[in-house]
Every structure is written in C-alpha cells, then in structure tokens.
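Student: sequence unknown, structure follows:
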Ligand SMILES: NC(=O)N[C@@H](O)C(=O)O
Ligand code: NI
C-alpha cells in the first residue's frame, strides 16, 4: 500500500538541506540602474563539475501531473546542480530526499509558488519536474558535458500524493 506524503509549505529554511529557493528575498536586494531596478543578488551558484562541463540554460515544457500521483522514483545529477523557475505563472511541486546510504530516503514534497523557483544542489535526490493544472514552461539552469549526469532510483513501493489545494 503506497504511503501518502504530505505537501509542505516551501521555505528557504526547510529547503536548505537540498538547495536554494529562488525568490525576491529582501536581504539579497540591492538597488541598481539609478534606483530603477531592484537586483536580488546571487540567489544561488550553478554547479557544473568535470572536464569540459558547462552551465546551460534550458526551457522545460512540463505536462501537468494527474492526481493522486505516485512518486515511484527519484533521481540525482552527480555532476551538477539543476534549477527550475516557472515561466507560466503557475505553482508546481517538488519532491526531494536526503541520501541514505546511496539511496533516497522518504521524499519531502513542497508546493512552490508561482513566483518562486528552486535550485537542487549537485547530487541531491529529487523527482523529475512536476507541473500542475496545465502545461507549464520552466527556465532550467543545469549542467551539460561529458559523463553520465543522471542517477535514478526506483522505490520498491511507491509513495503517493494527492492534488494540492491551491
Ligand atoms: N532529465 C531532465 O533533464 N530532467 C530532470 O533532470 C528533472 O529533474 O526534471
Ligand atoms: Ni533532474
């Protein structure tokens, strides 16, 4: 029987072990362009490890997940970070896990607001993109280069999440 996972509110604190929340955090703001622009500075630093690696910027167009949704697997990218910033003005879901002896522990699921993004630090277990409600575009900053940058783990018994209340 799949274990149901709660969907938690996202905060920088709660997400700290896994990466960064990309948002207009007041403490990061500095005025530029003669005071006409607020720069929320250095929210995270992309990681791209290995000879010949580079940071790249992509757009992912995600199909909405149907609920109840089974989280049957997690993945991680050993050579680089990966960030998702919504371009369609809709919230989305992320699931992350601590590493437990080389496999993901029980996932933690967060609802990410339409004006927030997340950056998964290098080698952090996460579930692939989970768009909700409608086809949604995301600006994705991650790593390109030689080597296999994808490790997947399939759970013996999937977890399940219900439709988030938005
Ligand atoms: N495979 C791919 O580029 N996407 C995943 O890494 C993901 O986290 O969505
Ligand atoms: Ni990924």
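Tutor: Looks like it came in fine. Model, not experiment: these values are computed from the prediction. Ligands and ions are numbered 1, 2, ... in the order given.

Student: all helices of this protein, in order?
Tutor: 12-15 (DSSP state H).

Student: For it, identify the residue most remote from the centre.
Tutor: Farthest-out residue of the chain from its mean C-alpha position, per Cα atoms, centre = their mean: residue 34, at 33.7 Å.

Student: For the nearest residue to residue 128 once chain neighbours are set aside, give me its contacts.
Tutor: Counting by Cβ to Cβ, 6 or more residues apart in numbering, residue 75 is the residue found nearest to residue 128 once chain neighbours are left out, at 6.4 Å. From N, CA and C alone the C-beta is placed, and that goes for glycine too. Counting by Cβ atoms under 8 Å, 6 or more residues apart in numbering, residue 75 touches 125-128, 150-153.

Student: Looking at those residues, which are in strands?
Tutor: Using DSSP state E, the subset of the contacts of residue 75 located in strands is 125-126, 151-153.

Student: of the residues you listed, closest to residue 1?
Tutor: Among the ones in strands among the contacts of residue 75, residue 153 lies closest to residue 1 (Cβ to Cβ), at 20.3 Å.

Student: That closest one and ligand 1: what is the separation?
Tutor: As defined by Cβ to the nearest ligand atom, to the nearest Å, residue 153 lies at a distance of 13 Å from ligand 1.

Student: Verify the contact between that residue and residue 71 for me.
Tutor: No - using Cβ atoms under 8 Å, residue 153 is not in contact with residue 71, being 11.3 Å away.

Student: Now which of the ones in strands among the contacts of residue 75 would you call buried?
Tutor: Neighbour counting by 16 or more other Cβ atoms under 10 Å classes 125-126 among these as buried.

Student: Can you name the residues that contact the most centrally placed residue in the chain?
Tutor: In the chain, the residue lying closest to the centroid (Cα atoms, centre = their mean) is residue 118, at 4.6 Å. Neighbour list for residue 118: 10, 15, 19-22, 83-84, 94, 110, 112 [criterion: Cβ under 8 Å, 6+ apart].

Student: rerun at 7 Å
Tutor: 15, 19, 21-22, 83-84, 94, 112 (Cβ atoms under 7 Å, 6 or more residues apart in numbering).
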